[in-house]
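Student: Turn this into a model:
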Amino acid sequence: MAYLCANMILFSFFSNSYLSLNIKNSDNHSLLNVLNFFEHANLHFVLSPSQNSRNSSSDQYFHQVRSNNPYVPLTTNTSFLNFTFPVSRIEKSTRIKVSFLDLLPITSSVNQVENYLLITTPDYLFIHFDGSEKLNSYRNYARRASSAKFIFFSVTGPYAIFIPRIIGDVMVQEVESILSLRHLDKVWDSLNTMDLNGAAMLTSLPTTNRENCGYSLSKFHEGDSPYICMLLIPGKKYNFTYLHLARADEWRKNCNLVDIIGYVKFRQFLLNNLTQVITNKSVKIYDCEIHRFGFVVVSNFPIVENSILGVFNPFENAIWLSLLFSCVCICLVLQFEGKGLKSRFAPIQTLRDYFLVQSILFGQSIDDQVIKKIGTKHVARPLLAIWFVACYIIMDNLYQGTIYSDLTVMHPPSIPVKFISLLMSNISIVTTTQMLMPSRDGNYIEYRSLLKDSVIPDVVKNNQDKGFVHFVKVADRKIVYVHNGNVDVSMVKNMSDSVPIWPNSSLNIIPTKKAIAIIDESEELSLLRESLNILGKRLVTKNNPHFSISLRSIVLGDQTFLSRKIYFSMQYLSQAGIKQRWSRMKEMRRTLHFVRKFGNETYSKYFVKLNSNFKESRLLISSDSDSLGPFWYLLALCAVVVAVAVVLIVLEIYVHRTLMRYYYYFSKYLKF
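Tutor: Next up, the predicted model:
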């Protein structure tokens, strides 16, 4: 709608001013008589059917051009009553396209030119007119949305060539001769592109035309936009400004405000029916961007195992059960294969052997009397090999090394890094990327989710793979849109404080105490990720870099005489890295504005981080001392064991001395 509105504005006010260059040559020295004037071009003639006689004006200049350019390829068409004609062969060549259009007197000349430009896009359009008519009747052609250079000529009266000027007053200037298309280019550019006298180009973004557009954070202001900055450079070079589309009504009421010379619209996502619009030959694509979606998982920081149970963490339950089973089996084997023992089950002997086997397993004893008790060699050797492998490799190396690492290093929580694993998990997923689009009933324009209301429906509509469509629908059901989540800081605060959030589109709350995922376009995702990191209360983990949901957007506008110059200017800024630099500055400024809402202290901390290029650690250093907690439990356990041992030793000494005292007493008594 905005694009159509811009075209209506262009055609409603095209007659404010007009400047033309009248190139007067004699018939013998006209550019039509210059030999090989069009040698590097393809010629296309559109002749009227009523002018096929040898005396017609179109026949005169057709044979004149053809005879002076004998080796130039050309095509001809006859315009029909509906002013349309087939031109299937014209667009196939890469050479310069020069068209000659003979106007019909029975209809508006403007409509004929418009119909022709809807079919093809020539580089030069020579329009033949009746020399007896006034020049003001042809001023409309200069405002047509096309990149073609318009030249009006007449061979019916005094020979004349008029080059229209887009901006300015009516003026006629004499030029002695034009000998080449390059010379004609210079004359046309000097009239129409050197100075546009402050004319305006409509844009879809608001602008003051005074943006600073610096290359550092201090010189790139908060209101600056990388898109507007890209336009200001050709604007300053050719002396024209930009006008937001919202001010079109103001311009329509005041015709003397400025002249409109085109329209540019940014971030037009390639969704829905936009592809039908950009195939129009009157639309120019200036730039293309790829917007990648990614996701982060917000979870709690790793919690150390601050208990005695941390001793059992290195191995899974199955490994512990297998070790226990092996100890029991060895003890049973000892009962039936031991030397000097009867082949029967002895509970006391089995318990004694079990503790001995377990002590060897944990490296607390080097006594191999258990192995020596095995009588048969075919049992002793395999059992000896297997047992020492388990004892000295599994337990002495793997267990001790793992338990030291487990008790001293904090391991991050297990979270999904792939999108498919994220969908299969129990983690809630939210999205905040939004765009203006019609409401569901079509009565008004509102902000809606870009992912849920545009990307996913477009994929479901255009994809024929039923399995993939089902996968996308599952993702659509699980993802929840949070309105203004990237504008209002309440969602980030709630996530940081592990408080539930309430999306506007649903009455159900989304818990954030455990893990929660955010899937957004890269710019929005960077804003939320930086905000959560600077608050420092939750662990934010980025997704797998191969996550490949992407969306393309284009910068489009009218095909005008400035289109090519604006296009090359944008391409230069992009290839030189200046556009990317501005985008980075804009992202930093936007994050600063968002973080400011958390308070001056948080804002100052983040500002220092940006200026120092500081990268935070994902784990807090202050929490490293907590990982020593299990060691205190182990020391306490050892202290208890030592205390029990001391008590037993004391009791043993006391009992031994008591028994010895009674022994001496009874020995003396018996002697008497």
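Student: So which elements touch the strand of greatest length in the chain?
Tutor: The longest strand of the chain (DSSP state E) is strand 283-299. Applying 3 or more C-beta pairs under 8 Å, 6 or more residues apart in numbering; DSSP states H and E, one finds that strand 283-299 contacts strand 260-269, helix 419-424, strand 516-521, helix 522-535, strand 539-542, strand 549-558, helix 563-575. Placement of C-beta: from N, CA and C, glycine included.
Student: Buried deepest among the ones you listed, which one?
Tutor: Mean neighbours per residue, mean count of other C-beta atoms under 10 Å, is largest over these for strand 516-521, with a mean of 24.
Student: Mind exporting the C-alpha coordinates of stretch 60-69 to PDB?
Tutor: C-alpha atoms of stretch 60-69 as PDB (Å, rounded to 0.1, in the frame of the first residue of the first chain):
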ATOM      1  CA  GLN A  60      11.700   8.900 -42.100                       C
ATOM      2  CA  TYR A  61      13.600   8.600 -38.900                       C
ATOM      3  CA  PHE A  62      13.500   4.700 -39.000                       C
ATOM      4  CA  HIS A  63      15.300   4.600 -42.400                       C
ATOM      5  CA  GLN A  64      17.500   7.500 -41.300                       C
ATOM      6  CA  VAL A  65      18.800   5.700 -38.200                       C
ATOM      7  CA  ARG A  66      19.000   2.300 -40.000                       C
ATOM      8  CA  SER A  67      21.100   3.600 -42.800                       C
ATOM      9  CA  ASN A  68      23.600   5.400 -40.500                       C
ATOM     10  CA  ASN A  69      23.900   2.300 -38.200                       C
END
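Student: What backbone torsions are found at the nearest residue to residue 62 once chain neighbours are set aside?
Tutor: Among residues not flanking residue 62 along the chain, residue 45 sits closest, at 5.7 Å (C-beta to C-beta, 6 or more residues apart in numbering). Main-chain dihedrals, residue 45, degrees, to the nearest 10: phi -110, psi 130.
Student: immediately after the helix or strand containing residue 60, which helix or strand?
Tutor: Residue 60 belongs to helix 57-68 when assigned by DSSP states H and E. Next in sequence after helix 57-68, counting helices and strands by DSSP H and E, comes strand 74-78.
Student: Tell me how many other residues surround residue 650.
Tutor: Neighbours of residue 650 under the rule other C-beta atoms under 10 Å: 10.
Student: residue ranges with poor pLDDT in the stretch 51-200 of the chain?
Tutor: Applying pLDDT under 70 to the stretch 51-200 of the chain flags residues 51-58, 79-93, 103-112, 114, 118, 130-145, 157-160, 166, 168-177.
Student: nearest to residue 431, of the helices and strands packed on strand 283-299?
Tutor: Closest approach to residue 431 among the helices and strands packed on strand 283-299 (C-beta to C-beta): strand 516-521, 5.2 Å.
Student: Can you name the residues in contact with that closest one?
Tutor: Under the criterion C-beta atoms under 8 Å, 6 or more residues apart in numbering, residues 291-299, 422, 427-433, 450-451, 479, 486, 495, 510, 525, 528-529, 551 lie in contact with strand 516-521.
Student: now that strand: mean pLDDT?
Tutor: Strand 516-521 comes out with an average pLDDT of 91.
Student: swap in stretch 443-451?
Tutor: For stretch 443-451, the mean pLDDT works out to 85.
Student: Contact partners for the residue nearest to residue 62?
Tutor: Residue 45 makes contacts with 58, 62, 74-77, 99-100, 102, as judged by C-beta under 8 Å, 6+ apart.
Student: In a helix, residue 46, correct?
Tutor: No. Judged by DSSP: H, G, I helix; E, B strand; the rest coil, residue 46 forms no part of a helix; its state is strand.
Student: nearest to residue 593, of the helices and strands packed on strand 283-299?
Tutor: Closest of those to residue 593 is helix 522-535, at 9.6 Å (criterion: C-beta to C-beta).
Student: other SSEs contacting the closest one?
Tutor: The contact analysis (3+ C-beta pairs under 8 Å, 6+ apart) places helix 522-535 against strand 283-299, helix 490-496, strand 516-521, strand 539-542, helix 578-595, helix 600-612.
Student: And the second one, what's buried?
Tutor: Taking 16 or more other C-beta atoms under 10 Å as the basis for neighbour counts, the residues of helix 490-496 that come out buried are 491-496.
Student: Pick out the most distant pair among these.
Tutor: 491 and 496 (9.7 Å).
Student: tilt between the longest strand of the chain and strand 260-269?
Tutor: With axes from the mean of the first three to the mean of the last three C-alpha atoms, to 10 degrees as the basis, strand 283-299 and strand 260-269 are set at 30 degrees to each other.
Student: What are the buried residues along strand 283-299?
Tutor: By neighbour count with 16+ other C-beta under 10 Å, strand 283-299 contains the buried residues 283-284, 286-287, 291, 293-299.
Student: per-residue pLDDT, residue 324?
Tutor: Residue 324 is given a pLDDT of 77.
Student: Please read the previous query as pertaining to residue 308.
Tutor: For residue 308, the model assigns a pLDDT of 57.
Student: likewise residue 354?
Tutor: Looking at residue 354, its pLDDT reads 74.
Student: Next, the contact list for it, please.
Tutor: With contact set as C-beta under 8 Å, 6+ apart, residue 354 has these partners: 327-328, 331.
Student: let's see it at 7 Å
Tutor: By C-beta atoms under 7 Å, 6 or more residues apart in numbering, the residues touching residue 354 are 327, 331.
Student: what about it, helix or strand, and which?
Tutor: According to DSSP H and E, residue 354 maps onto helix 347-361.
Student: With just CA atoms, put that helix into CSV.
Tutor: Listed next in CSV are the C-alpha coordinates belonging to helix 347-361 (Å, rounded to 0.1, in the frame of the first residue of the first chain):
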residue,chain,number,x,y,z
PRO,A,347,28.2,-66.7,55.9
ILE,A,348,30.8,-65.4,58.3
GLN,A,349,33.6,-66.4,56.0
THR,A,350,31.8,-64.8,53.0
LEU,A,351,31.3,-61.5,54.8
ARG,A,352,35.0,-61.5,55.7
ASP,A,353,36.0,-62.2,52.1
TYR,A,354,33.6,-59.5,50.9
PHE,A,355,35.2,-56.7,53.0
LEU,A,356,38.6,-57.9,52.0
VAL,A,357,37.7,-57.8,48.2
GLN,A,358,36.1,-54.4,48.6
SER,A,359,39.2,-53.0,50.4
ILE,A,360,41.4,-54.3,47.6
LEU,A,361,39.0,-52.7,45.0
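Student: By residue count, which helix of the chain is the longest?
Tutor: Assignment by DSSP state H gives helix 629-671 as the longest helix of the chain.
Student: For the helices and strands packed on helix 522-535, which has the smallest mean pLDDT value?
Tutor: Looking over the helices and strands packed on helix 522-535, mean pLDDT reaches its minimum on helix 600-612, with a mean of 82.
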